[in-house]
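# Please work out how this folds:
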Amino acid sequence: QVRLVESGGGSVQTGGSLRLSCAASNYMYSRCQMAWFRQAPGKEREVVAHLLIGVNRPYYDDSVRDRFTISRDSGKNTLYLQMNSLKPEDTAMYYCAEKQYCQGSWSWGQGTQVTVSS
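Okay, the predicted model is just below:
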C-alpha cells in the first residue's frame, strides 16, 4: 500500500502563492496517474490537476488553468502543485492521489488545508 503525505498548505491573502508537495512512499514509475483534488466545506471533492505518468500532458480544471502547475520529481518521489494568484474560492482541503494501475481506484493522502483570505 503506497503512502502519500501532503505538505505546504497554509493561509495566504488573495493573489498569494503556495506550493503543495506530496511525498510518495514508493517508486513513482510504478504508477499510472497522479493528481491533486480539493474539497471545500459542503462541496464534493473535485479534481484540480492530474498527470499521466510518462505522458507530458497535464490536465487542469478550468478554474485553475494558467494559475496552477502540477509537476513531479521522480528522483524524490514527490508530486507538486504550484498555486499562484490564489483566490478565496481556492480555499479547500487539498488531497494528493494516485492510481497504480490505470483501471484501478485512487489512493489518497490525508490532505493539507489551503485558506485564501480576501
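# Enumerate the beta-bridge partners assigned to the residue nearest in space to the middle of the chain.
In the chain, the centroid-proximal residue (C-alpha atoms, centre = their mean) is Trp36; its distance is 2.5 Å. Using DSSP bridges, the beta-bridge partners of Trp36 come out as Ala49, Cys96.
# Could you pull out the strands in this structure for me?
Using DSSP state E, the strands of the chain run over residues 4-7, 10-13, 18-24, 33-39, 46-52, 59-60, 68-73, 78-83, 92-99, 107-108, 112-117.
# would you turn those strands into JSON lines with mean pLDDT?
Shown next, in JSON lines, are the strands of the chain (pLDDT from 0 to 100):
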{"stretch": "strand 4-7", "mean pLDDT": "95"}
{"stretch": "strand 10-13", "mean pLDDT": "98"}
{"stretch": "strand 18-24", "mean pLDDT": "96"}
{"stretch": "strand 33-39", "mean pLDDT": "96"}
{"stretch": "strand 46-52", "mean pLDDT": "96"}
{"stretch": "strand 59-60", "mean pLDDT": "97"}
{"stretch": "strand 68-73", "mean pLDDT": "94"}
{"stretch": "strand 78-83", "mean pLDDT": "96"}
{"stretch": "strand 92-99", "mean pLDDT": "96"}
{"stretch": "strand 107-108", "mean pLDDT": "94"}
{"stretch": "strand 112-117", "mean pLDDT": "98"}
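# The closest residue to Ser85 other than its chain neighbours: neighbour count?
Leaving aside its sequence neighbours, Ser85 sits nearest to Arg67 (C-beta to C-beta, 6 or more residues apart in numbering; 4.7 Å). From N, CA and C alone the C-beta is placed, and that goes for glycine too. Arg67 has 15 neighbouring residues, counting by other C-beta atoms under 10 Å.
# Look up the pLDDT of Arg67 for me, please.
Note on Arg67: pLDDT of 98.
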